[in-house]
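S.K.: quick one, what's the 3D model for this:
(one chain, ligands or ions: 2)
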Amino acid sequence: MSTTTIVRNTTRPARDLLEPLMASALDLCANLAAEDRYRRLLEALRRVVPYDAAALLRLDHGVLVPAATAGLAPEATRRGFDPAEHPRLQRILATQGPVRFEDTSLPDPFDGLLAADPHGSIEVHACMGCALRVEGETVGALTVDALDPHAFEAVDAEQLATFAALAAAAVRTARLIDALEQAAAQQGLVAHQLLLEAQERAGSELLGVSEAIARVRSEVDLLAHSDLTVLITGETGVGKEVVARALHAQSDRRGEALIYVNCAALPESIAESELFGHVRGAFTGATQTRPGRFEAADAGTLFLDEIGELALSIQPKLLRVLQSGEVQRIGADRPSRVDVRVVAATNRDLAEEVRTGRFRADLYHRLSVYPLHVPPLRERPEDIEPLAGYFLDRARIRLGLGPVRLSPAARAALLDYRWPGNVRELEHVLARTALRASAGRRREAVRIEPEHLQGLETEPALDSPRAPSSQPPAALVEGTLAEAVDEFKRRRIAEVYEQSRNWAETARRLGLDRGNLHRLVRRLGLAG
Ligand SMILES: Nc1ncnc2c1ncn2[C@@H]1O[C@H](COP(=O)(O)OP(=O)(O)OP(=O)(O)O)[C@@H](O)[C@H]1O
Ligand SMILES: [Mg+2]
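M.R.: Ligands and ions are numbered 1, 2, ... in the order given. A predicted model of the protein is given here:
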C-alpha cells in the first residue's frame, strides 16, 4: 500500500467552510503584520480541520522555515526544515494538491515537537500537507498533524487546498510588503543622506576672513547646539540665510528638516493656516486636514525669513506657540506639542518697527533672545577678495573657462565700491563680469579689467530703495508749495545719498531717523 494518497474530495456543507475562509480572505487585505496574518489563518483552519499542530512554512533558499505554528513546541518554531532530510515535506512540495500520510513509515518532521506530545511517545498520528504555490512558484508548505490517527478522515481536499491557496497569497503579500519596506527604507536612507549632504554644502559656505565674519562664525558655533531662538539681523544680501542654514547644519537637528517660511510672501489670510495647519472643514475650502510648517519642522528647525513683514494679526499667535511649544491647527480641539527650533531673520530695524507700532514688542523681545547681527560688506572689506575669488571660481566652472584673475585695477575697483547690496550684489556683479570678460571663449585664461566691471556705480541693491537720480531736473520747480518742498527734499536726499551711497549715513547726515528716511524716500517715489 502506498504511504501517501492524493486526498479525494468528500462532500461537506459549504457553509461550514465559508465563514473561516471569508475571515482569512479578508485578513489578506487587512493591514496586519505578516505574523498576525499567518497566525489568524491557522486559527481559521482549525475550525475546519481538527488539528493538534499546524505549521505554515516559508520556503527560504530551499529550506522550509516556520512562519507561524500552532500546537508545536517552541524549538520547532526556531529551526529550518530541509526537505532533503524530511521525506514527508519533500513529498508535499513535489505534489500538486494536498497529501495525506496514512502510515508511519515516513518519519514526521514534527515527531517529538508536538506540544501535546512532548516526549514523542505516541507514534501514530494523522498528517496532511499541501504545498503553497503562487503562479507556479513554490513558496512554502502548510502542514497539519493530529495525535488521533482518524482525525482527518472527514477532511476534504478542497478545504486544505483552499487554505493553502490563501496561505500562499499571504506569503506572497508578506514578500511584497517586505520588498516594499526594504525599498522604502532604502529610499529613506538615500533621502536622508542627500539632505545631510545638501545641508553640509549649504552650511559650509559662510566664507570670509574678516574679524567680523569670524565673530559671526563663532557665534554660530556657540548657538548651534542650543535650542535658543535666534534673530539674525543685517542689511539685504549680507548672508542672513547662509547664517540660518549654518545654524541648522551645525546643530544636533541637522539630520532633520530645515523648513523655510518667507513671511513677506505669506498673505495675512493664509498665514495662520500655513504656519499652524488646519483641520478638514475648519473654513470654506479646507477640504483636507493639513499640518502647518511648525509641525513639518518638528524635531528640526523653522526658519522664519523676513519676520519683520509678518502680519500684525498673526504675531500674537506666533508668540503663543513660541512660549508654549504647542500648536493648534485651525479648527482643532486640542493643541499638540512640537519640538521646533526657531531661527528668524530680518533686514528691518525691528526695534524701530516696534516703536512705530508695526511689530509687537512682546514678540520682538521673545525673538531677540539672541540677536545675531551680520555686518554689511563695506564694514568688512577684507572679505571682498576671498568672496570674489569664490564667486569667480563658480562662474569659471559654470562657463567652462580657464583660470580667471582680477587685474590689480579691477581689484581696487571692487575694494573701493560700497556694496549697498552686499554679498549678493558682489555675487551678481562677478557673474556678469566673468561672462563679459570671457566674451564667449571657453577653456581660456580670463583676466578681469575695470571696464568689465560695468554697472558697479549704478548697481541697485535688491529690496533696498532705488538710488535716487543724482541729476536733479534742470527746470525750476513748478506747482504748489508742498510740491516744491517735496522736490527739494528729493534733490537733497539724492545729493547726500550720492556722497555716501549708504542709507544709514544719509539718514544721519540729514538728521533723520533711518526708518523715517525710508518712509520719506518711498513717499517721494525714490524707492524701487
Ligand atoms: N559669507 C558668505 N559666504 C558665501 N556666500 C555668501 C556669504 N554671505 C552671503 N553669501 C551669498 O550671498 C547671497 C545672499 O545671501 P543671503 O541670501 O544669505 O542674504 P540675506 O541676508 O538673506 O539677504 P536678504 O535680506 O536680501 O534676504 C547668497 O547667494 C549667498 O550664498
Ligand atoms: Mg534672505
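S.K.: ranges for the helices of the stretch 201-350 of the chain?
M.R.: In the stretch 201-350 of the chain, the helices defined using DSSP state H, counting those that start in this stretch lie at 211-224, 240-249, 268-276, 293-296, 315-324, 350-355.
S.K.: now these in TSV, with mean pLDDT and distance to ligand 1?
M.R.: The C-beta positions use only the backbone N, C-alpha and C, and glycine is treated the same way. TSV is the format used below for the helices of the stretch 201-350 of the chain (pLDDT from 0 to 100; distance: least, C-beta to the nearest ligand atom, whole Å):
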stretch	mean pLDDT	distance to ligand 1
helix 211-224	95	6
helix 240-249	94	3
helix 268-276	91	19
helix 293-296	93	18
helix 315-324	95	19
helix 350-355	94	13
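S.K.: in space, what's closest to the residue in the stretch 251-400 of the chain that ligand 1 sits nearest to - neighbours in sequence excluded?
M.R.: Residue nearest to ligand 1 within the stretch 251-400 of the chain: residue 347 (4.2 Å; C-beta to the nearest ligand atom). Using C-beta to C-beta, 6 or more residues apart in numbering and skipping the chain neighbours, the partner closest in space to residue 347 is residue 236 (4.9 Å).
S.K.: how far away is the one you found from residue 423?
M.R.: Residue 236 sits 10 Å away from residue 423, going by C-beta to C-beta, to the nearest Å.
S.K.: what do you get for residue 160?
M.R.: Residue 160 is 76 Å from residue 423, by C-beta to C-beta.
S.K.: okay, the two: which has more neighbours?
M.R.: Per other C-beta atoms under 10 Å, whichever of residue 160 and residue 423 has more neighbours is residue 160, with 26 against 22.
S.K.: what's the helix or strand for that one?
M.R.: helix 157-203 (DSSP states H and E).
S.K.: mind listing what the residue of the stretch 251-400 of the chain closest to ligand 1 touches?
M.R.: 233-236, 240, 306, 308, 463 (C-beta atoms under 8 Å, 6 or more residues apart in numbering).
S.K.: hmm, which of those residues are the buried ones?
M.R.: Taking 16 or more other C-beta atoms under 10 Å as the criterion, what is buried in the contacts of residue 347 is 233-236, 240, 306, 308.
S.K.: can you list those in JSON lines and add distance to residue 351?
M.R.: Output for the buried ones among the contacts of residue 347, formatted as JSON lines (distance: C-beta to C-beta, whole Å):
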{"residue": "233", "distance to residue 351": "10"}
{"residue": "234", "distance to residue 351": "14"}
{"residue": "235", "distance to residue 351": "15"}
{"residue": "236", "distance to residue 351": "18"}
{"residue": "240", "distance to residue 351": "17"}
{"residue": "306", "distance to residue 351": "17"}
{"residue": "308", "distance to residue 351": "11"}
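S.K.: of those, which belong to strands?
M.R.: residue 233 (DSSP state E).
S.K.: mind telling me which residue of the protein is nearest ligand 1?
M.R.: For the chain, C-beta to the nearest ligand atom, closest residue to ligand 1: residue 239, 2.5 Å.
S.K.: residues near that residue, how many?
M.R.: 25.
S.K.: surely residue 358 touches residue 315?
M.R.: No - the pair residue 358 / residue 315 is not scored as a contact, 10.0 Å apart, by C-beta atoms under 8 Å.
S.K.: more neighbours: which of the two?
M.R.: The residue with more neighbours, out of residue 358 and residue 315, is residue 315; 19 against 15, by other C-beta under 10 Å.
S.K.: where are the low-confidence patches of the stretch 101-250 of the chain?
M.R.: Flagging of the stretch 101-250 of the chain using pLDDT under 70 yields the residue ranges 120, 122-124, 185-204.
S.K.: any residues of it in contact with ligand 1? List them.
M.R.: For the stretch 101-250 of the chain, the contact set with ligand 1 under C-beta under 6 Å from any ligand atom comprises 205-208, 234, 236-242.
S.K.: which single one of these is nearest to residue 320?
M.R.: Distances from residue 320 to those, taken as C-beta to C-beta, are shortest for residue 240 (25.2 Å).
S.K.: show me the contacts for that closest one.
M.R.: Counting by C-beta under 8 Å, 6+ apart, residue 240 makes contact with 232-234, 305, 345-347, 374.
S.K.: from what I see, residue 34 and residue 58 are in contact.
M.R.: No - the pair residue 34 / residue 58 is not scored as a contact, 9.5 Å apart, by C-beta under 8 Å.
S.K.: residues that sit against both of the two, list them.
M.R.: Common contacts of residue 34 and residue 58 (C-beta under 8 Å, 6+ apart): residue 67.
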